[in-house]
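K.L.:
Sequence first, predicted model second:
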Amino acid sequence: MEKNDNLHNADGKSQDINPVNKEAQDALENAMVEESAVKQSLEGQETTDSDGEKDEPVKEGTNKTTEKVEDESTTHEDAIVEEKETVEKQEDTIVEVDEDEDEDDNEPEDDSVKEIPEKDYNSMDMPTLVKELRYLMQEFPINSFRTQAEDIKKAFETADADAKKEALEKFTEENPPSDDALAPQFEYKNAHATEFYDLHSLYRKQKGQFQRDKRKQQEENLAKRRDIIEGIKQLINQEENIGTTFKKFHSLQDQWKATGNIPHDAYNITWEDYRLATQNFYDYIDLSKELRDKDFERNLEFRKKIIARAVELGAEENIHKALRELQELHRMWKEDAGPVAKEERDPIWDEFSAATKVIHDKRQAYYDERDKKSAHNQLVKENIVAEIAKITAAGAKNHKEWQDRLEEINVLRELFTSTGPAPKAINNELWNQFRTVTREFNKAKNDYYKGLKKEQQDNLDAKMKLIAIAEEHQDNENFAEGLQIMKRIQAEWKEIGHVPRKDSDKIWKRFQKACNGFFEKKTAQKKEDSKEEVENFDKKMKVYDALKEMIPQDDKKAMLADVEKHMADWAAIGRVPYSKRMIQEKFEKLLHAKLKAAGLGAVDAEMLKYQNKLASLKNGNESDFKNERFYLRKRRDEIQDEVRQLDNNLQFINAKDDKNPFLVQTKKNIAELNKELDVIKEKQKQLNILQRQLKKEEDDAAAAAAESEVASENEDVEKPE
């Protein structure tokens, strides 16, 4: 047996390969190596004893050639050309599969089966996954998409689990835990799941039937091959023309080649039986040198054609197509091509092995480049997962920021799905990590908007209360009171945050309408009142001018009486326009000067002048009282603070030095401030007295009105019918 006539050396290596235990090869190499390794020594042994010329004469009567035999046996010159044309026309059906999958899965028996498109099932929703499985079952052989079917099933189970989890979270949120026996219980129903698992069950049933039919056919093929082996064994015992025997042998070989696959558990022993029977045929059939040499020559020519095609495949850009056809060339080399002369055996094998090595080197380079891309894709996807987790952890403060974060996530999601696959060992794990971090982002975003929705509802409720207040006071004829209320609720409205968008315009228009109604009535009333206020201003100007022109008199009492008369005239006049309000200050200054001229002290003059202010307040409104009270309290606090500061300064001055100018001035300032403080206290007292008096008058008027109303009702009751 020659060392190089072994099929497993086709990849340029000489290591032994066990086809039963081999698990580390891809689908294509499984198909090539498993059939080749078990038959590794056939060709070297086929012609071991029939290579040399036999010196003994052929025995008469025993397979003796009586005449020149025409070469009517099956020839193979056109077989390689026909195979080349067939391969060039067919589509590439090689697909990437898991290395631990069954050798027949995902590998169509017929090269005419179209290629299954590669899709990312993890990114599909449940209805789409159902459609995808149905599409594969309708368009492809049932044994050709095991990997796709499993990927679809895993993706569907993940999506179904996510949907169930979301449904449970929603149910828990809407139905808090309760001890009530009648409380609703969580139920999860998914029509898509029912449809999918029914369809997947049908797929498994059809695939099981296919496997049973396939096994039955393999058993039938095994029986045929055993019959062929027995037929080859019987040829040795037949006494007939060598040409006829050789034609029968070739016919049996053709039948062997035409027989389909057999069970793998019977493959080794069946092939070994065939190899031994064939070897024995060559050992015991005494071929004529001419016939043998012609057979060697024909086989050599056929093998050279196989080599030529293998060399052409070295330039094929589609590595999958090249590997698939190379697989067929190895089968033809092993099964279709017969033995060659001993001196040609090693050179012809080395030549074929070299052509095979070129293709396998290209295959290795292709997978090395693919592994580099996969490693790069892994790095990209890991960075995307980390960036999404970072964005989720950072969160956002408002709607705009969340929308910006969402846009960033969408860009990262598109980049992740558009990036090619990572190494298969980590690809699914990366997808699960991606789903986890995007789900966490969506949960954080949804939690924010749930809280925002509640906050907006609270804001809506608060604004509706303000609307109720505005509508209640839009007809308030007490404009001073209404104005304060409207200003307050408008300020509160601005402080309240956003409300649901669908309600925003509607409630604003309602609030604005109520506020505008009040201010329109106030403006109309103000225009009406302005005429009277202008007249009041003219009257006050006359009083002011009269007081200004009053000449000081020697009779202080008479002069004081005249001043008090002007004060009374001034107080009897109503409000003046707001733009003319400074007339009050001018009048008070003039009044103060006239009172001093009438002989009154500063305090008495101030208090008498304040009586005029009180008279004005009596004709004013509540806000005027509030403003005056605020001013007096503020001034009182200022004086007290200033006195405390001056007293504190005295602590740093020698109290025995009465002539110290600073000490003297400080004490003088304190005395003046205390006088002013007494005046302020007196003003506060007079203001309180006036306010209590007005309150009493209002209460008396209200009581009188009530008594009048009761008396009127009693009169109505006592009237005879």
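P.N.:
Done, it's in. Just so it is clear, the model here is predicted, and its values are computed rather than measured. Numbering: from 1, shown residues only.
K.L.:
ok, longest helix in this structure?
P.N.:
helix 661-718 (DSSP state H).
K.L.:
Can you list the helices and strands that that one packs against?
P.N.:
In terms of contacts (3 or more CB pairs under 8 Å, 6 or more residues apart in numbering; DSSP states H and E), helix 661-718 is packed against helix 602-618, helix 622-650. Any C-beta I mention is one placed from the backbone N, CA and C, and that applies to glycine too.
K.L.:
Can you add distance to Glu472 and give these back as a markdown table?
P.N.:
Listed next are the helices and strands packed on helix 661-718 as a markdown table, based on distance: least, CB to CB, whole Å:
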| stretch | distance to Glu472 |
| --- | --- |
| helix 602-618 | 29 |
| helix 622-650 | 19 |
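K.L.:
can the ones you listed go into JSON lines with extra columns for mean pLDDT?
P.N.:
Formatted as JSON lines, those follow (pLDDT from 0 to 100):
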{"stretch": "helix 602-618", "mean pLDDT": "68"}
{"stretch": "helix 622-650", "mean pLDDT": "82"}
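K.L.:
With respect to burial, which of these scores highest?
P.N.:
Among the helices and strands packed on helix 661-718, helix 602-618 has the highest mean neighbour count (mean count of other CB atoms under 10 Å), at a mean of 17.
K.L.:
Setting the sequence-adjacent residues aside, check what's closest to the residue nearest the centre of the chain.
P.N.:
With distances taken as CA atoms, centre = their mean, Thr438 lies nearest the centre of the chain, 4.4 Å away. In this structure, Thr438 finds its nearest non-sequential neighbour in Ile388, 6.2 Å apart by CB to CB, 6 or more residues apart in numbering.
K.L.:
tell me the pLDDT at the one you found?
P.N.:
Note on Ile388: pLDDT of 92.
K.L.:
Same check on the one 4 residues further on?
P.N.:
Reading off the per-residue confidence, Thr392 sits at a pLDDT of 90.
K.L.:
With adjacent residues omitted, what lies nearest to it?
P.N.:
Using CB to CB, 6+ apart, the nearest residue to Thr392 is Phe441, at 4.4 Å.
K.L.:
How many residues are close by the one you found?
P.N.:
22 (other CB atoms under 10 Å).
K.L.:
Now Glu118: phi and psi?
P.N.:
Backbone torsions of Glu118, given as degrees, to the nearest 10, read phi -80, psi 130.
K.L.:
Begin at 57, not 1, for the rest of this chat.
P.N.:
Understood, numbering begins at 57; the last thing we discussed is Glu174.
K.L.:
quick one: it from Pro477, how far?
P.N.:
Distance of Glu174 to Pro477, computed by CB to CB, to the nearest Å: 9 Å.
K.L.:
Give me the more crowded residue out of those two.
P.N.:
More neighbours surround Pro477 than the other of Glu174 and Pro477, with 18 against 9 (other CB under 10 Å).
K.L.:
Go through stretch 269-282 and flag the buried ones.
P.N.:
Under the neighbour-count criterion of 16 or more other CB atoms under 10 Å, stretch 269-282 has 270, 274, 277-278, 280-281 buried.
K.L.:
Tell me which of the residues you listed fall in strands.
P.N.:
Nothing among these maps onto strands, per DSSP state E.
K.L.:
which ones are touching Asp269?
P.N.:
Applying CB atoms under 8 Å, 6 or more residues apart in numbering to Asp269 gives no contacts.
K.L.:
do you know how far it is from His256?
P.N.:
Applying CB to CB, the value for Asp269 to His256 is 20 Å.
K.L.:
Please name the nearest non-neighbouring residue to Leu369.
P.N.:
Spatial nearest neighbour of Leu369, excluding adjacent residues (CB to CB, 6+ apart): Ala378 at 4.5 Å.
K.L.:
so what's the one you found scoring on pLDDT?
P.N.:
What the model reports as pLDDT for Ala378 is 90.
K.L.:
Go ahead and confirm it touches Ile415.
P.N.:
Yes: with contact defined as CB atoms under 8 Å, Ala378 counts as touching Ile415 (5.3 Å).
K.L.:
now the buried residues of stretch 269-282 in a markdown table, with pLDDT and distance to Met193?
P.N.:
Converted to a markdown table, the buried residues of stretch 269-282 look like this (pLDDT from 0 to 100; distance: CB to CB, whole Å):
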| residue | pLDDT | distance to Met193 |
| --- | --- | --- |
| Lys270 | 89 | 17 |
| Gln274 | 91 | 24 |
| Asn277 | 92 | 27 |
| Leu278 | 91 | 30 |
| Lys280 | 91 | 32 |
| Arg281 | 90 | 33 |
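K.L.:
Distance to Pro395 added to these, as JSON lines?
P.N.:
JSON lines is the format used below for those (distance: CB to CB, whole Å):
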{"residue": "Lys270", "distance to Pro395": "33"}
{"residue": "Gln274", "distance to Pro395": "28"}
{"residue": "Asn277", "distance to Pro395": "25"}
{"residue": "Leu278", "distance to Pro395": "26"}
{"residue": "Lys280", "distance to Pro395": "24"}
{"residue": "Arg281", "distance to Pro395": "21"}
